[in-house]
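Participant: My questions are about this predicted structure, shown below with the sequence.
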Amino acid sequence: MSRLLEVSHLSKFYTNKKGLFKGTQETVKAVNDISFFVEEQETLGIVGESGCGKSTTGRAVLRLHEPTAGEVRFRGTDILSLSQEELRPYRQKMQIVFQNANSALDPRWTVERSLKEPILLHEPGIAKGELDDRIDQLMESVGFSPMYKKKYPHEFSGGQRQRIGIAKAISVNPEFVVCDEPVSALDVSVQAQVLNLMKRLKAERKLSYLFISHDLSVIRFISDRVGVMYAGRIVELAETKEFFSNPLHPYSRVLMAAVPRPVVAEDKESLYQGIGTIAEVSKVGCPFCTRCPQATERCRQEMPAEREVSPGHRVMCHLYEAGAIRS
Ligand code: SF4
């Protein structure tokens, strides 16, 4: 398999005004110098707590939020260096499924009109008959009879709306889809249907996914590899099987301990203290040091480098430096 997407040293910073009369500026490093790749027909899962930067990563990769620094190469082309006009063909190849399908569907439009809109944008010369056939095929591919295309979004349930949101994302035949918490607003039984649909569409259409979720069970089901984000950084990245059998970063173990089943044989009480707000993050040392049960003075003073501890398994933690590997 070859690399479809290569992200290098990507950052996205925001400036907030705060204090009395908003006279003080504060820089929020939502995504801070992260690198990863997605191979053709691969699903890379990104997991982490709310506010860790995973959704910002998805949007920065698509340039829905302009990154502050870094490179995003799609089939070798750095799309961050392209003008909006030059970017247009890449927008067709790189789509997004939102957490809430209402973000993708205009409530005043029929499903048919919502599905036609992106096709007409990218293929303005398409013949009417071909367009109509394409809409019918899209409806069938996400499990609806074509006659449902005349309905409006409010006439569908949440899970059905999400299936239509997925149909809209694949309507322009993308190669890469950012899936931003696509099942987190759905009931568990409906989640399984939508996840199975996404797996099937991935196989049928040879798609690659960047799949963002706070739910490790979902990530485990859908992903080929897993990246764990904390405070804007990817702190661990590994193949799914390797990650779930051998989580190394203390934060990954915190996440595992929060899943309601025994995953790692650690003292959950001591690990669990990590779950909560990420507002308090060290500015100089390891970002996790304020919550890490294994933090040392060095962790508070020095940012750990990222290391590959086994083929394809990267971790950012002082515990796993060369010659000091502990699992
Ligand atoms: Fe914990 Fe230190 Fe590793 Fe950070 S570098 S995760 S504080 S042990």
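Facilitator: Looks like it came in fine.
Participant: mind listing what the residue nearest to residue 149 when sequence neighbours are not counted touches?
Facilitator: Closest residue in space to residue 149, ignoring its immediate chain neighbours: residue 112 at 4.0 Å, by Cβ to Cβ, 6 or more residues apart in numbering. Any C-beta I mention is one placed from the backbone N, CA and C, and that applies to glycine too. Neighbour list for residue 112: 135, 149, 150 [criterion: Cβ atoms under 8 Å, 6 or more residues apart in numbering].
Participant: ok, so of the residues you listed, who is nearest residue 101?
Facilitator: Checking these against residue 101 with Cβ to Cβ, the nearest one is residue 149 at 15.2 Å.
Participant: show me what contacts that closest one?
Facilitator: So residue 149 contacts 110, 111, 112, 115, 135, 136, 139 (Cβ under 8 Å, 6+ apart).
Participant: right, and residue 308 touches residue 314 too?
Facilitator: Yes. Here residue 308 reaches residue 314: they are 5.2 Å apart, a contact under Cβ atoms under 8 Å.
Participant: With neighbour numbers in mind, choose between those two.
Facilitator: residue 314 (20 against 12; other Cβ atoms under 10 Å).
Participant: where do the helices sit along the stretch 51-200 of the chain?
Facilitator: For the stretch 51-200 of the chain, the helices defined by DSSP state H, counting those that start in this stretch occupy 54-61, 84-93, 111-122, 128-141, 158-170, 188-205.
Participant: Is it possible to get those helices out as TSV so that each row also shows mean pLDDT?
Facilitator: Shown next, in TSV, are the helices of the stretch 51-200 of the chain (pLDDT from 0 to 100):
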stretch	mean pLDDT
helix 54-61	97
helix 84-93	94
helix 111-122	96
helix 128-141	97
helix 158-170	96
helix 188-205	95
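Participant: how close does residue 162 get to residue 100?
Facilitator: 8 Å (Cβ to Cβ, to the nearest Å).
Participant: who's more crowded, those two?
Facilitator: Neighbour comparison, residue 162 and residue 100: the larger count goes to residue 162, with 30 against 16 (by other Cβ under 10 Å).
Participant: State the number of residues packed around the residue lying closest to residue 309 once chain neighbours are set aside.
Facilitator: Closest residue to residue 309 apart from its sequence neighbours, by Cβ to Cβ, 6+ apart: residue 320 at 5.1 Å. Residues lying near residue 320 (other Cβ under 10 Å) number 22.
Participant: dump the residue contacts of residue 220.
Facilitator: 45, 226, 240, 244.
Participant: and with 10 Å instead?
Facilitator: Applying Cβ atoms under 10 Å, 6 or more residues apart in numbering to residue 220 gives the contacts 45, 47, 213, 226, 240, 241, 243, 244, 259, 263.
Participant: Which pLDDT value goes with the fifth one?
Facilitator: Put plainly, it is residue 240. Looking at residue 240, its pLDDT is 98.
Participant: Kindly report the same for the third one.
Facilitator: Note for residue 213: predicted pLDDT of 97.
Participant: let's number from 27 now, not from 1
Facilitator: Right, with 27 as the first residue, what we last looked at is residue 239.
Participant: Contact partners for it?
Facilitator: Taking Cβ under 10 Å, 6+ apart, one finds 71-74, 80, 125, 205-210, 245-249 in contact with residue 239.
Participant: about what we covered before: the residue nearest to residue 175 and residue 148: what is the separation?
Facilitator: Relative to residue 148, and taking Cβ to Cβ, residue 138 is found at 17 Å.
Participant: And residue 346, by the same measure?
Facilitator: 45 Å.
Participant: do the same with residue 269
Facilitator: In terms of Cβ to Cβ, residue 269 sits 36 Å off from residue 148.
Participant: Pick out whichever of the two has more residues nearby.
Facilitator: A direct count of neighbours by other Cβ under 10 Å for residue 269 and residue 148 places residue 269 higher, at 27 against 15.
Participant: how deep is residue 317 tucked in, by neighbour count?
Facilitator: 22.
Participant: What of residue 215?
Facilitator: Neighbour tally, residue 215, other Cβ under 10 Å: 8.
Participant: so who does it touch?
Facilitator: Per Cβ under 10 Å, 6+ apart, neighbours of residue 215: residue 185.
Participant: got it, and residue 129?
Facilitator: Contacts of residue 129 by Cβ under 10 Å, 6+ apart are 122, 123, 191, 206.
Participant: and the gap between it and the ligand?
Facilitator: Noted for residue 129: a distance of 34 Å to the ligand, by Cβ to the nearest ligand atom, to the nearest Å.
Participant: Residue 234 now?
Facilitator: Residue 234 is 30 Å from the ligand, by Cβ to the nearest ligand atom.
Participant: who's that residue bridged to?
Facilitator: Legend: beta-bridge partners of residue 234 under DSSP bridges are residue 202.
Participant: what about it, how many neighbours?
Facilitator: 23.
Participant: which ones are touching it?
Facilitator: Contacts of residue 234 (Cβ under 10 Å, 6+ apart): 27, 29-31, 64-70, 120, 200-203, 228, 250.
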